[in-house]
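*Asks:* the sequence and its predicted three-dimensional model are supplied below.
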Amino acid sequence: MKILVIGGAGYIGSHVTRAFLDHGYDVTVFDNLRTGLRENLFTEADFVHGDIMHPEQLRAVMSRGYDGCVHLAALKAAGQSMFHPDEYAHANISGAINILNAATEASLSPIIFSSSAAVYGSPQYQPIDEEHPMVPENFYGFTKLEVERLLEWFDRLKGIRYAAIRYFNAAGYDSAGRVKGLELNPENLLPIVMETAVGIRPKLSIYGDDYSTRDGSCIRDYVHVSDLAAAHISAFEYILKEKQSLTVNLGSETGVSVFEMIERARVITGKTIIADVVGRRAGDPAELIASSGKARELLGWVPQHSDVDTLVATTWKMYEKYVTH
């Protein structure tokens, strides 16, 4: 089976590529290397240097013939999306339209789409399932929801089957150390904790300690990137078998607080990790927990690596090895 992984040199994309290779797929990575890294390319996979904003490049690579594709190429900083909606609309929405048009021309189906829990906005109930109202509170979440809606229409009108996979908080690294490149300009908690542990940052900020949670800090649902990667394969194989599209959440269904994550990092790394409590950030819910029941039911997906110690240890292994102390 031949699979095209668009954005396959990025943090999540490289893990997805690795998973498909491990399962015996013939993989081609298509990436512009703007945020993806050459060191995340695997010798077993073909690589095409290209950009989704150039439709002719997409048509050329898709003309090779694939059994499906994974779309992970997008801008993803939720905060930045509020200041640069033009860039996010161009890259995330226009880019997806280019992919859908090229896929239609090449009769390439299914498409596994990297979506986000940001489509939901603030939780109206917990845990958040796929039926939760979708009211994005940042422009990034809006772009993901718009692409999901485009996929629904292309399914209905053009027969392009798809899986929309709504990630919660992706974290961790390949436990075997086969992904070599550190994520560029991370904005999530765990890599920031690690940057503090190795001295890139003198300290980190905890945004509020007065939430109505067990220790006052925000609680989030973290899912290991290797567990995410496995779900992409399961979704692809589900669509091939069932001939229908699907939308699923991916989360661990458990919550880790900011204080808990930092404390486990201190224990596992042996580093002090200075953290200061500062004011709350606007729009930060106290708690976000996923329901992954649908993924479990339809895909048989059960996270294997998403406990907090594995998340911290696999991330520390990367930072300890590749960052100079």
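*Replies:* Done, it's in.

*Asks:* okay, helices next: where are they in the stretch 1-150 of the chain?
*Replies:* Secondary structure of the stretch 1-150 of the chain (DSSP state H, counting those that start in this stretch): helices at 11-22, 55-62, 78-81, 85-88, 95-106, 139-158.

*Asks:* can I get those helices in a markdown table including distance to Gly208, mean neighbour count and mean pLDDT?
*Replies:* Placement of C-beta: from N, CA and C, glycine included. Listed next are these as a markdown table, based on distance: least, CB to CB, whole Å; neighbours: other CB atoms under 10 Å; pLDDT from 0 to 100:
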| stretch | distance to Gly208 | mean neighbour count | mean pLDDT |
| --- | --- | --- | --- |
| helix 11-22 | 27 | 24 | 98 |
| helix 55-62 | 43 | 18 | 98 |
| helix 78-81 | 16 | 17 | 89 |
| helix 85-88 | 26 | 15 | 97 |
| helix 95-106 | 34 | 20 | 98 |
| helix 139-158 | 21 | 19 | 98 |
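
*Asks:* to Tyr207, which of those lies closest?
*Replies:* helix 78-81 (11.8 Å; CB to CB).

*Asks:* got a list of contacts for the helix or strand of the chain with the lowest mean pLDDT?
*Replies:* Lowest by mean pLDDT, DSSP states H and E among the helices and strands of the chain is helix 78-81, with a mean of 89. Contact partners of helix 78-81, identified using CB atoms under 8 Å, 6 or more residues apart in numbering, comprise 75, 88, 118, 138-141, 143, 187.

*Asks:* low-confidence stretches in this structure?
*Replies:* By pLDDT under 70, the low-scoring segments of the chain are 322-325.

*Asks:* try 50 this time
*Replies:* 325 (pLDDT under 50).

*Asks:* now do the contacts for Arg296.
*Replies:* Contacts of Arg296 (CB under 8 Å, 6+ apart): Val302.

*Asks:* the one 5 residues further on now?
*Replies:* When the contact criterion is CB under 8 Å, 6+ apart, the partners of Trp301 are 227, 230-231, 234, 248, 250, 292, 295.

*Asks:* any idea which element it lies in?
*Replies:* Assigning secondary structure by DSSP states H and E places Trp301 outside every helix and strand.

*Asks:* how much space between it and Ser291?
*Replies:* 13 Å (CB to CB, to the nearest Å).

*Asks:* so Leu4 touches Ala60, yeah?
*Replies:* No - with contacts counted by CB atoms under 8 Å, Leu4 stays clear of Ala60, the gap being 11.7 Å.

*Asks:* okay, how far is it across stretch 205-213, tip to tip?
*Replies:* Stretch 205-213 has an end-to-end distance of 18 Å (criterion: CA to CA, to the nearest Å).

*Asks:* going forward, begin numbering at 160 instead of 1
*Replies:* I'll keep to 160 as the first residue from here, and by that count the last item is stretch 364-372.

*Asks:* sort out which residues of that stretch are buried, please.
*Replies:* For stretch 364-372, a neighbour-count test (16 or more other CB atoms under 10 Å) marks 365-368, 370, 372 as buried.

*Asks:* same question, stretch 337-355
*Replies:* Neighbour counts over stretch 337-355 (16+ other CB under 10 Å) mark 338-342, 348-355 as buried.

*Asks:* could I get those as JSON lines with distance to Ser281 and secondary structure?
*Replies:* Listed next are the buried residues of stretch 337-355 as JSON lines, based on distance: CB to CB, whole Å; DSSP: H, G, I helix; E, B strand; the rest coil:
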{"residue": "Val338", "distance to Ser281": "33", "secondary structure": "coil"}
{"residue": "Lys339", "distance to Ser281": "37", "secondary structure": "coil"}
{"residue": "Gly340", "distance to Ser281": "34", "secondary structure": "coil"}
{"residue": "Leu341", "distance to Ser281": "31", "secondary structure": "coil"}
{"residue": "Glu342", "distance to Ser281": "26", "secondary structure": "coil"}
{"residue": "Leu348", "distance to Ser281": "19", "secondary structure": "helix"}
{"residue": "Leu349", "distance to Ser281": "23", "secondary structure": "helix"}
{"residue": "Pro350", "distance to Ser281": "25", "secondary structure": "helix"}
{"residue": "Ile351", "distance to Ser281": "23", "secondary structure": "helix"}
{"residue": "Val352", "distance to Ser281": "25", "secondary structure": "helix"}
{"residue": "Met353", "distance to Ser281": "28", "secondary structure": "helix"}
{"residue": "Glu354", "distance to Ser281": "28", "secondary structure": "helix"}
{"residue": "Thr355", "distance to Ser281": "28", "secondary structure": "helix"}
